[in-house]
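K.L.:
Provide a 3D model corresponding to the input given below.
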Amino acid sequence: MSTSPTIGFIGAGNMASAIIGGMLDSGFRAASIWASAPDDEHLQTIRRKFGVSVTTDNRYCAQQADVVILAVKPQIMADVCRDIAPVVQNTRPLMVSIAAGLTSTTLDEWLGGGLPLVRVMPNTPSLVGKGAAGLYANNAVSDEQKETVESIFNSIGKALWLDDEEQLHAVTALSGSGPAYFFLMLEALEAAATEAGIEAATARELAIQTMAGAAEMAARSEHDPAQLKRNVMSPGGTTEQAILTFEDGGMRALGEKAYKAARARSQEMAQELAEANR
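P.N.:
Residues are numbered from 1 along each chain as shown. Model (predicted):
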């Protein structure tokens, strides 16, 4: 791979746009980025916003790239991969998929086989540069290619490598679905504070800032979450009463149950997608 690889995005939706924006902010050159999608009007908006090259021809986009990022919905991935397979079999780029549920083996088969391929599980906070992504590479991916992928996804948050592809289901249940878990907590706290008499907008702003501050403290602290929790609690105080209520209500067990349900559904979806496109 060249020292300044050309990146081609097959699919130019919200996640692709977020990645492109993060890459440009991190020093990637617009001249080295391509994007393809069926809607030319949308592509022209992308071109004007980012200064990247665009095309409605997926094969042409793939042909330009050292790294091809597959950013289309899982349901159409088989058709997209089979369409560009003749091109990528000739040019041998690094393939990167951000589609949930589709295994590297399935993707490689659709692409004609034998290609270096990385699967990425990003999450929606990537849209605001605060993403968390799990990465898995097949055996054909070089260390240099891994560094390139890592730099791309670090540009929109934090990217961490996994040794076992099966762990991507666990990542899906943690960081992929995880933002909704915290939104539920925000929703509950806002409702409770509003019922107590705080104006709704004020309650929401206080809850959001509290969650953001707690996350920043956890990121910076040398202590684990259990110790950080204890640091906030005083014996017989308000926080202790709230935490005891959570514990008595089975919050830990419910959290584990919810996590396992999300992971199981991720595994089921992978099987369903593979069987639907055989």
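K.L.:
R119 belongs to a helix?
P.N.:
No: using DSSP: H, G, I helix; E, B strand; the rest coil, the assignment for R119 is strand, not a helix.
K.L.:
please renumber so the chain begins at 335
P.N.:
Yep, numbering from 335; the last one is R453 now.
K.L.:
From Q397, how far out is it?
P.N.:
23 Å (CB to CB, to the nearest Å). (C-beta placed from N, C-alpha, C; glycine too.)
K.L.:
And those two? Which one has more around it.
P.N.:
Using other CB atoms under 10 Å as the criterion, R453 and Q397 rank with R453 on top: 24 against 18.
K.L.:
That one touches E499, doesn't it?
P.N.:
Yes: contact between R453 and E499 holds when scored by CB atoms under 8 Å: they sit 6.7 Å apart.
K.L.:
so what sits against both of these two?
P.N.:
Contact criterion CB atoms under 8 Å, 6 or more residues apart in numbering; residues bridging R453 and E499 by contacting each: T437, S438, Y470.
K.L.:
would TSV of the residues you listed with secondary structure be doable?
P.N.:
Shown next, in TSV, are the shared contacts of R453 and E499 (three-state DSSP):
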residue	secondary structure
T437	coil
S438	helix
Y470	strand
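K.L.:
Quickly name whichever of these is closest to K383.
P.N.:
Minimum distance to K383 across the shared contacts of R453 and E499 is 30.6 Å, recorded for Y470 (CB to CB).
K.L.:
ok, now which ones touch that closest one?
P.N.:
Taking CB under 8 Å, 6+ apart as the criterion, Y470 is in contact with S438, V452, R453, W495, L496, D498, E499, Q501, L502.
K.L.:
could those residues go into CSV alongside pLDDT and distance to S360?
P.N.:
Below are the contacts of Y470 laid out as CSV (pLDDT from 0 to 100; distance: CB to CB, whole Å):
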residue, pLDDT, distance to S360
S438, 94, 26
V452, 98, 18
R453, 97, 21
W495, 98, 18
L496, 97, 22
D498, 96, 28
E499, 96, 27
Q501, 96, 26
L502, 96, 24
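K.L.:
Pull out the buried residues from those residues.
P.N.:
Buried members of the contacts of Y470, scored by 16 or more other CB atoms under 10 Å, are S438, V452, R453, L496, L502.
K.L.:
Can you give me the distance of the fourth one to M455?
P.N.:
The spacing between L496 and M455, counted by CB to CB, is 9 Å.
K.L.:
Common neighbours of these two, please.
P.N.:
Common contacts of L496 and M455 (CB under 8 Å, 6+ apart): G468, L502, V505.
K.L.:
Mind checking which of those residues land in helices?
P.N.:
L502, V505 (DSSP state H).
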